[in-house]
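Q: The sequence and its predicted three-dimensional model are supplied below.
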Amino acid sequence: MKARLLPALAITFVGLLICLAPLLWMLSTSLKPFEEILKGGVSLIPSHPRVANYSEALHQFDFLRSFGNSVFVAVLTVLGTLASSIPAGYAFARLKARGSNWVFIGLLATLMLPGQITIIPVFRVFASLGMVDTYAPLILPAWLGTNAFAIFLLRQFFRTLPEETMEAARLDGASEGKILVRIAVPLAKPAVVTVAVFAFLASWNDLWGPLVYLHRQERMTLPVALVDFVGGAATVQGTPWNLVMAAAVVTVLPAVILFAVCQKSFVSGIANTGLK
Amino acid sequence: MSRAQARWCWLMIAPATIGLLLFTVGPMLTSLWLSFTDYDVVSTPKFVGLANYKYLLTADPSFWVSVKVTALYAIGSVPLGLFAALMVAMLLNLDVPFRGAFRTLYYLPTLLPATVSGVLWAWIFQPTDGALNQLLLKVGVHGPAWTQSPSWALPALILMSMWGFGGAMVIFLAGLQESPRALHEAAALDGATQWRRFWVVTWPALTPTVFFNLTMGLIGAMKAFDQAFAFGQSNGAGVGGPARSTLFYVLNLYTKAFEHFHMGLASAMAWLLFAVIGLVTFINFRLSKRWVYDEATG
Amino acid sequence: MKGRAFALIGLIAIAGCSHDRPVDPLGRHTVIWLYPIDVGTKTMTEKLVASFERENPDIHIDVRAVPGSQYQTKLKTLVAAGEAPDIFVCGDVFFPYLRPFLLDLTELAKRDAKEINLQDFYPAVQRAMIPGGHIYFMPQWFNVSLLYYNRRLFDAAREPYPTPDWSWTDYAAAAKRLTKDGIWGSTVTTGWWGEWLTLVHGAGGDLFDPKITHATLDTPAAVQGLTFYRDTIKEGFAPAPGMGPATGFASDKVAMDYGGHVGLWATYRQLPKLDWDIQPLPKGPSGRRGGEISLTALAISKATPEKEASWRFLKFMSSTESIRAHVDRGYVAIRRSVAAEHRDANLAPRNRKAVEIALDSAEPIPSSKDFVEIALDLVQPEIDRMLTENVSPAEAAKHAAEAADAFLKATDGAAK
């Protein structure tokens, strides 16, 4: 390693420590006994690490069930996003049809839309269908291509594929559908992974949707459960921050693991399509 | 070929088209209509013309406050975040060892839902027991009442938002790595200083990325909700923090719509927001012609 | 392959959509109760429901738990979607909003008058139960504003305890003397109207005129109340918001709490070191104490198909058996007969007479469906600014009153 890079490395490392300090603090708080929290102080190492915090937190507000709910919603959402965005992305990239451009522009415009502008009428529709307090409002839209970002990302990617390959397949008599499934998708792995990860994160971290549509405690997803936990878990001596942080760590864990596993594909996916 | 292609095209974009009509176009039109009514969900909407807009723009004390809060937040957090992202990206671009690991770790905070960071930072900023004030106390400084203080609650949120610069950083890094190496080397050989090299070679190639990050950042800041909501829940002050100091626009909208059921007012707020986002994005695009380097036109 | 996938999704989607009234496998009447989760009352509630179902084997209570902070929103949303639960919590504050959806219980109450024994409730509770001559809910417990004081801190400072004859001056003077060596004389309650409105009342003012046509916060009396509120911080005997002990009165570092909440009694009792008692609030310059009374009660939805079953559950939840359970959990008894049993006599607070005095002078909350929104969203921010940014009480009152008036005007004529 070149010596002149030493200062750069040092700065980067220090910067990382500062950046990750809150996360380390979160982890460390989650392992502290309540008395230590009450005493205050900023030591990163807990005096008596207490793993029981985790089981306590998980039981107090039905966290395991919320975790399961979040998984259920997230998986179905990701499947739906892929099912509707991949064909759409391919079509916008490589196929022409009258009026299809308008749909594309419309989808791009939705990126600018705050979700809140449509929530009220959409809520009325779901309410009249009796779907309030169910997961339908959270999952159904994903199956109908509402993730414009995903469609956009995939379109950019599909545009980079060489036309000759498609032409050759067409001349062989393959239909567009076959081309999509047999040729385009297998080539699109990094982009698909990126889209899947983004979609998973968006669903996993979504607060707005569950907040508006879900009522019963048993149906809550993690972000809402966490916020409620903080709001309602105050005890005699104040908020049990150690339990709250334990709950927060659990909330974050799947995202971290997922990212660690997929990061290479994920980053190359972003880099290749997010720019132009 | 065209006819078969066209049919396949429509088939493939059918779900997205249905979704667009069902969940975007239709509701947008409905919400536009609702914005001219008084609607509390339990009774039928009552047409009131421009009364909602009038109330918001002239008589509602929370409206302009939330505009100000959101604007301050956008102006405060977006440039800071982009700056941090660019600096770190440039550092990493210098071929430091473990670059991949660094990149992943810096990106970590963006994986957190805004609710978790809201809760975490509310804890760190807690006036009496939080880590920040405790640290300050160690060097003899009495920190302000952060989350309970009207003057400090918003800066606290802005500081918190900077934490998520990892997303922009990854994109900058990718942009930097595309930067033509040949040009760099030629410039170095010509004796150009680091600074000049950055300005003449790196920056122009970077401008499309900066533009993308700036646009997404501004739009995101204007739509911000989760973090303000979680922040507020964790510190027990009223909605929007002490004296409305963290009453983000969308938080205000949510409160009006789902706590007090003034659906007409909330729809009017939503449309005003849409108009502003559209305007800001449009201006952004126009201005970009001045400073964004386009390979085709130079 | 695609077809099977779609079918699977369809099934899952339907599974997530269960929405008709649940059919009880044992053929019992099912009553849906929307219940705000409170970690502290979970056990008591479960026991009561179990007890009721044993005594009434033909009824099943379907308890649907909702996080407390979301309760009102969720309730309104369900009502709006036409899916109101059969039974829900209807405290005073939200009653004006929910009134159109409530079943009028007056006839049922008359029919079962002996069982309910209305006279067993405190007179102030009875008054609060019958707004406009009709009964719409049955209460389980109540909160009344009280002055909480820490006996240990008073003893340490050799201060005489508060008495029922205290005035604001007595209160302020004692609080000032008690503020030293890291101890605060009192604490300021922000975030809801529990203290400032009480002080406004004590000075002889009010938030609205009796007909609720305009705000009266900018009258001299009301401003006097707000000034006193602000002065608790300015004169130094209460900490500024956020600067005091995070747990307030429970921290054992605060000598008094103005207003408080009966729901915290159970919390305080868990702290063995905390030696506390109560008195009615001191009298303001107008002679009024100004405290509020609010009931926690259950009401029945107008649209319920299970009127009789729901009514039976309501009667049970306000019965002596249930009130006893509430007392054991730490609430104050709402029935005089149960209070006379002195079940919790050996627990703090000792001075139960204070509750009766407080009840006599307690004032109900304005019965306007916009009260909560105005108090929290329009007035509270001005109060925050008054407390932290040196805005004068008169100015804060003026802005708050203007905002409230504009709001009333804008929502005038809306379906009430």
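A: Thanks, I have it.

Q: where does chain B have low pLDDT?
A: Across chain B, residues meeting the criterion (pLDDT under 70) sit at B:1, B:178-184, B:192, B:233-238, B:293-298.

Q: whoops, I mixed them up, chain A
A: A:1-4, A:38-42, A:231-238, A:269-276.

Q: Please repeat the previous calculation with a cut-off of 50.
A: A:275-276 (pLDDT under 50).

Q: Any idea which residue is closest to the centre of it?
A: A:Leu201 (0.8 Å; Cα atoms, centre = their mean).

Q: and that residue, what element?
A: helix A:189-205 (DSSP states H and E).

Q: what packs against that helix?
A: The helices and strands touching helix A:189-205, judged by 3 or more Cβ pairs under 8 Å, 6 or more residues apart in numbering or on different chains; DSSP states H and E, are helix A:63-94, helix A:136-143, helix A:148-159, helix A:241-273. Every C-beta, even on glycine, is put in place using the N, C-alpha and C of the backbone.

Q: quick check: angle from the second one to helix A:148-159?
A: Looking back up the chat, that one is helix A:136-143. 20 degrees (axes from the mean of the first three to the mean of the last three Cα atoms, to 10 degrees).

Q: the inter-axis angle of helix A:136-143 versus helix A:63-94?
A: Using the same axes, to 10 degrees: helix A:136-143 against helix A:63-94 is 30 degrees.

Q: Now tell me what touches helix A:136-143 from outside.
A: A:73, A:76-78, A:80-81, A:83-84, A:122-123, A:126, A:129, A:131, A:199, A:203, A:206, A:209-210, A:213, B:15, B:19, B:23, C:9, C:13, C:16-17 (Cβ atoms under 8 Å, 6 or more residues apart in numbering or on different chains).

Q: Of the residues you listed, select the buried ones using a ChimeraX command.
A: Listed next is the ChimeraX selection for buried residues among the contacts of helix A:136-143, using 16 or more other Cβ atoms under 10 Å in any protein chain shown:
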select /A:73,76,77,78,80,81,83,84,122,123,126,131,199,203,206,209,210,213 /B:15,19,23 /C:9,13,16,17
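
Q: Roughly how far does the closest residue to C:Pro22 other than its chain neighbours sit from B:Trp123?
A: Nearest non-adjacent residue to C:Pro22, counting by Cβ to Cβ, 6 or more residues apart in numbering or on different chains: C:Thr30, 5.6 Å away. Distance, C:Thr30 to B:Trp123, by Cβ to Cβ, to the nearest Å: 42 Å.

Q: Surely C:Ala65 is in a strand?
A: Yes. Counting by DSSP: H, G, I helix; E, B strand; the rest coil, C:Ala65 falls inside a strand.

Q: one step back: looking at C:Thr30 and B:Trp123, which is more packed in?
A: When C:Thr30 and B:Trp123 are compared for neighbours, B:Trp123 comes out ahead with 26 against 18, by other Cβ atoms under 10 Å in any protein chain shown.

Q: what about the more buried one, helix or strand, and which?
A: helix B:114-124.

Q: That helix near chain A anywhere?
A: Yes. For helix B:114-124 and chain A, the contact criterion (Cβ under 8 Å from any Cβ of the partner chain) is met by B:Ala114, B:Thr115, B:Val116, B:Val119, B:Leu120, B:Trp121, B:Ala122, B:Trp123, B:Ile124.

Q: Kindly reformat those residues as JSON lines containing distance to chain C.
A: Compiled in JSON lines, the residues of helix B:114-124 next to chain A are given as follows (distance: Cβ to the nearest Cβ, whole Å):
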{"residue": "B:Ala114", "distance to chain C": "18"}
{"residue": "B:Thr115", "distance to chain C": "13"}
{"residue": "B:Val116", "distance to chain C": "17"}
{"residue": "B:Val119", "distance to chain C": "14"}
{"residue": "B:Leu120", "distance to chain C": "17"}
{"residue": "B:Trp121", "distance to chain C": "15"}
{"residue": "B:Ala122", "distance to chain C": "12"}
{"residue": "B:Trp123", "distance to chain C": "11"}
{"residue": "B:Ile124", "distance to chain C": "14"}
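
Q: So which of these is surrounded by the most neighbours?
A: B:Val119 (32 neighbours).

Q: quick one: contacts for C:Glu195?
A: C:Val188, C:Thr189, C:Tyr229, C:Tyr258, C:Gly259.

Q: Filter these down to the buried ones and hand me the ChimeraX line.
A: Provided next is the ChimeraX selection string for whichever of these are buried by 16+ other Cβ under 10 Å:
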select /C:188,189,229,258,259
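
Q: picking that back up, ok, residues contacting the helix holding B:Trp123?
A: A:22, A:25-26, A:29, A:205, A:207, A:223, A:226-227, A:230, A:241, A:244-245, A:248, A:251-252, B:109, B:112, B:130-132, B:147, B:156-157, B:159-160, B:163-164, B:225-231, B:233-235.

Q: relative orientation of that helix and helix A:189-205 in degrees?
A: Using the same axes, to 10 degrees: helix B:114-124 against helix A:189-205 is 60 degrees.

Q: Could I get the buried residue list for the very next helix or strand once past helix B:114-124?
A: Next helix or strand after helix B:114-124 toward the C-terminus (DSSP H and E): helix B:131-138. For helix B:131-138, the neighbour count (16+ other Cβ under 10 Å) marks B:Ala131, B:Leu132, B:Asn133, B:Gln134 as buried.

Q: ok, those residues vs chain C, which is closest?
A: B:Asn133 (10.3 Å; Cβ to the nearest Cβ).

Q: where's the closest one relative to B:Ile171, distance?
A: Counting by Cβ to Cβ - B:Asn133 and B:Ile171 are separated by 35 Å.

Q: For the stretch 1-150 of chain B, which segments count as strands?
A: B:37-38, B:46-47 (DSSP state E, counting those that start in this stretch).

Q: List the pairing partners of the last one within its sheet, with orientation.
A: In other words, strand B:46-47. Its sheet considered, strand B:46-47 pairs with strand B:37-38 (antiparallel) by DSSP bridges.
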